[in-house]
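Chemist: attaching a predicted model along with its sequence, questions to come.
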Amino acid sequence: MKRGIEITAIPYICPAGFWTIGYGHFCDPKHPPITEAEAEAYLARDLQTALAATLRYCPVLATEPESRIATIVDFTFNLGAGRLQTSTLRRRINQRDWSAAATELRRWVYGGGKVLPGLFARREAEISLLDTKV
């Protein structure tokens, strides 16, 4: 267990209905079990991809505190670049309207039409990072 998140060494279906392994890496349902080191490698690549997409769609973040970049990279990692690209959240970030961006983040807590406690907690953690100046 790292960073307070437990890895899953075998494929599972995430709350959004996707086959996943490790720390949230999309995979084929027949993917063989992985080690913690492999999960870390997948996570590093997935975060690089999320960072590139985040900066592509929210270029203003390049000059913002690291905590704000981390917040939106986490959102992108969790929900995908497509969701960020088409979101009102993206507009609020690019307007540097951090209060409105926090409000938008609070809208992304549903799975299957229900508020998921894990997503609620994740969004609140992201919001706390969004509001910091470091």
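Modeler: Thanks, I have it.
Chemist: given the worst-scoring helix or strand of the chain on mean pLDDT, what are its sheet partners and their directions?
Modeler: The helix or strand of the chain with the poorest confidence is strand 110-111; it has a mean of 88 (mean pLDDT, DSSP states H and E). As defined by DSSP bridges, the strand partners of strand 110-111 come to strand 114-115 (antiparallel).
Chemist: all helices for the protein, in order.
Modeler: Assigned by DSSP state H, the helices in the chain fall at 36-57, 66-79, 81-85, 88-94, 98-105, 117-130.
Chemist: how about these, which one is nearest residue 29?
Modeler: Taking CB to CB as the criterion, helix 36-57 is the member of the helices of the chain that comes nearest to residue 29, at 15.9 Å. For every residue, glycine as well, the C-beta is placed using N, CA and C.
Chemist: now do the closest one: which elements does it pack against?
Modeler: strand 19-22, strand 25-26, helix 66-79, helix 81-85 (3 or more CB pairs under 8 Å, 6 or more residues apart in numbering; DSSP states H and E).
Chemist: only alpha carbons, please: show it as CSV.
Modeler: What follows is helix 36-57 as a C-alpha-only set of coordinates in CSV (Å, rounded to 0.1, in the frame of the first residue of the first chain):
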residue,chain,number,x,y,z
GLU,A,36,3.7,-3.3,-7.0
ALA,A,37,6.7,-2.2,-9.1
GLU,A,38,4.6,-2.7,-12.3
ALA,A,39,1.7,-0.8,-10.7
GLU,A,40,4.1,2.0,-10.0
ALA,A,41,5.3,2.0,-13.6
TYR,A,42,1.8,2.1,-14.9
LEU,A,43,0.9,5.0,-12.5
ALA,A,44,4.0,7.0,-13.6
ARG,A,45,3.0,6.7,-17.3
ASP,A,46,-0.6,7.4,-16.6
LEU,A,47,0.2,10.5,-14.6
GLN,A,48,2.6,11.8,-17.4
THR,A,49,-0.3,11.4,-19.8
ALA,A,50,-2.7,13.1,-17.5
LEU,A,51,-0.2,16.0,-17.0
ALA,A,52,0.3,16.5,-20.7
ALA,A,53,-3.5,16.6,-21.3
THR,A,54,-4.1,18.9,-18.4
LEU,A,55,-1.6,21.4,-19.6
ARG,A,56,-2.9,21.1,-23.2
TYR,A,57,-6.5,22.0,-22.1
